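Trainee: all I have is the shape, not the residue letters:
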């Protein structure tokens, strides 16, 4: 395990010692487990008989050691903080090792060790999916592992069935095997990304640091991947079920990972009798209220705020937003979880007392990444005359804990109110370096840049271009959202201060505009 991801108001924990920032330690504690993905409906009833894992399965489980470099969003020009950790992986095909994304995130060096050997082998990431916390690794030289048998992927375990968790947890160097019983199958959050929820399996066995990425076995086949635990409960662990694993492997068949799709709706339970009557829902009818439709999402122009969702792909939706698949109640989003970009979803809605059948097409929606923890990329910024500007995302928010009410509102409304259609980046003044030019400018930190020289700022690159135009105006006039007055920067003095401050602070480059 090499990484940890912050989670707000959550008792889940993910095993990785390298945090995004010191501020994030208040949001999440570094440990390997957390909550994960969604499953295919038809497999919920599969349950192989529990047997003792075969020795060949043990041999196919490997130890992963990772050296990481975690970016520092408070000093984005620096290379970041070096750290490291370890986790578990296992062979699923020729030179294909499956593990958790949080085990190898922000990795600068990966080493794999097979059971019973001290030899470390250099590995690299072939595919990584932060939204479902899975990664596929390959070795630079696979020959020493060719005698291993890949672990076969099985189905979903049933409630009360026994599983075995295999891995290399902290406390020793040898392989560890623990047994537990499946106590819950649920749709829950995956803390690695902080913004995604998928199908998870809860077992009454602890998943400790180092266990993450290890196989969970039932009947000699893979039943899931260990990935997180809880800080507020003993002997409780969570595993990523095989439907999520299979979807990840299906997605990367074209040698590219395209992420999970989202239906693009926010909903509200319909239990209140007055609300049910107001939306013309009969006493015995079921359904869930559409509270908001994401602009440019799959449901935009098809579903409306105030509609009642009755069915999804023919499955009846109850008043809490659940559907029954193979005898199990799961979140209705489980239908969408199984699909890919371009796939269709059929909806039955109630609008104004009339029932309608509609169809939506799922599409990728990259703007929602603003709410996810970012990995494997350096922070973007531009530095001008002692002022540091950065685009707002979860990592930046967690690093600074901004208290400006307007900034928080813009951040929360970026998707739901369609602000992304006007601006690609929410550009924030994050730092004011000390200099005679920047005297009394510190009061503007933490505010969102709205206009510069009467031009609305679209993204960080746009701001950088305005500041670095060949023939700048005498003054750059910076307007902030909700600001009582503008920030005036004399361009000639800013150019002189730029070199002076960069040398004093040790800033090697004035901008990083690409991820």
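Mentor: Yep, that arrived. This structure is a prediction, so every number in the text was calculated from the model and none was measured. Numbers count the residues shown, from 1 in each chain.
Trainee: if I pick residue 464, what's in contact with it?
Mentor: Residues in contact with residue 464, defined by Cβ atoms under 8 Å, 6 or more residues apart in numbering, are 382, 384, 511, 513. (Each C-beta comes from the backbone N, C-alpha and C, glycine too.)
Trainee: restricted to strands, list those.
Mentor: Among the contacts of residue 464, the ones falling in strands (DSSP state E) are 382, 384, 511.
Trainee: which non-adjacent residue is nearest the last one?
Mentor: Spatial nearest neighbour of residue 511, chain neighbours left out: residue 382 (4.2 Å); criterion: Cβ to Cβ, 6 or more residues apart in numbering.
Trainee: with the second one instead?
Mentor: The spatial neighbour of residue 384 that comes closest, neighbours along the chain excluded (Cβ to Cβ, 6+ apart), is residue 467 at 4.5 Å.
Trainee: how much space between that neighbour and residue 423?
Mentor: When distance is defined by Cβ to Cβ, to the nearest Å, residue 467 is 17 Å away from residue 423.
Trainee: between those two, who's got more neighbours?
Mentor: Neighbour totals were compared for residue 467 and residue 423, and residue 467 leads with 24 against 19 (other Cβ atoms under 10 Å).
Trainee: and the pLDDT for that one?
Mentor: At residue 467, the pLDDT value in this model is 97.
Trainee: what are the ranges of the helices in the protein?
Mentor: For the chain, applying DSSP state H gives helices covering 55-59, 101-104, 242-251, 273-278, 333-337, 394-400, 405-416, 460-467, 491-505.
Trainee: same for the second one, what does it pack against?
Mentor: In this case it means helix 101-104. Here helix 101-104 touches strand 61-70, strand 81-93, strand 121-129, strand 134-139, going by 3 or more Cβ pairs under 8 Å, 6 or more residues apart in numbering; DSSP states H and E.
Trainee: and stretch 418-438, end to end?
Mentor: End-to-end span of stretch 418-438 (Cα to Cα, to the nearest Å): 35 Å.
Trainee: which one, of the helices and strands packed on helix 101-104, ends up nearest to residue 155?
Mentor: Nearest of the helices and strands packed on helix 101-104 to residue 155, taken as Cβ to Cβ: strand 81-93 at 15.4 Å.
Trainee: quick one: buried residues of that closest one?
Mentor: Across strand 81-93, burial judged by 16 or more other Cβ atoms under 10 Å covers 81, 83, 84, 85, 86, 87, 88, 89, 90, 91, 92.
Trainee: excluding chain neighbours, give the residue nearest to the fifth one in space.
Mentor: Spatial nearest neighbour of residue 86, chain neighbours left out: residue 65 (4.9 Å); criterion: Cβ to Cβ, 6+ apart.
Trainee: got a pLDDT number for the one you found?
Mentor: For residue 65, the model assigns a pLDDT of 97.
Trainee: which of the residues in stretch 61-80 are buried?
Mentor: Neighbour-count burial for stretch 61-80 [16+ other Cβ under 10 Å]: 61-77, 80.
Trainee: could you do stretch 151-160 as well?
Mentor: Residues of stretch 151-160 classed as buried by neighbour count (16+ other Cβ under 10 Å): 151, 153, 154, 155, 156, 157, 158.
Trainee: for the stretch 301-450 of the chain, which segments count as strands?
Mentor: Applying DSSP state E, counting those that start in this stretch to the stretch 301-450 of the chain gives strands spanning 308-312, 315-316, 322-325, 328-331, 344-351, 354-361, 381-384, 387-391, 427-432, 447-452.
Trainee: residue 295: which of those strands is closest?
Mentor: Nearest to residue 295, of all these, is strand 354-361, at 14.1 Å by Cβ to Cβ.
Trainee: now do stretch 241-248, average pLDDT.
Mentor: Stretch 241-248 carries an average pLDDT of 96.
Trainee: and what of stretch 174-191?
Mentor: Looking at stretch 174-191 alone, the average pLDDT works out to 92.
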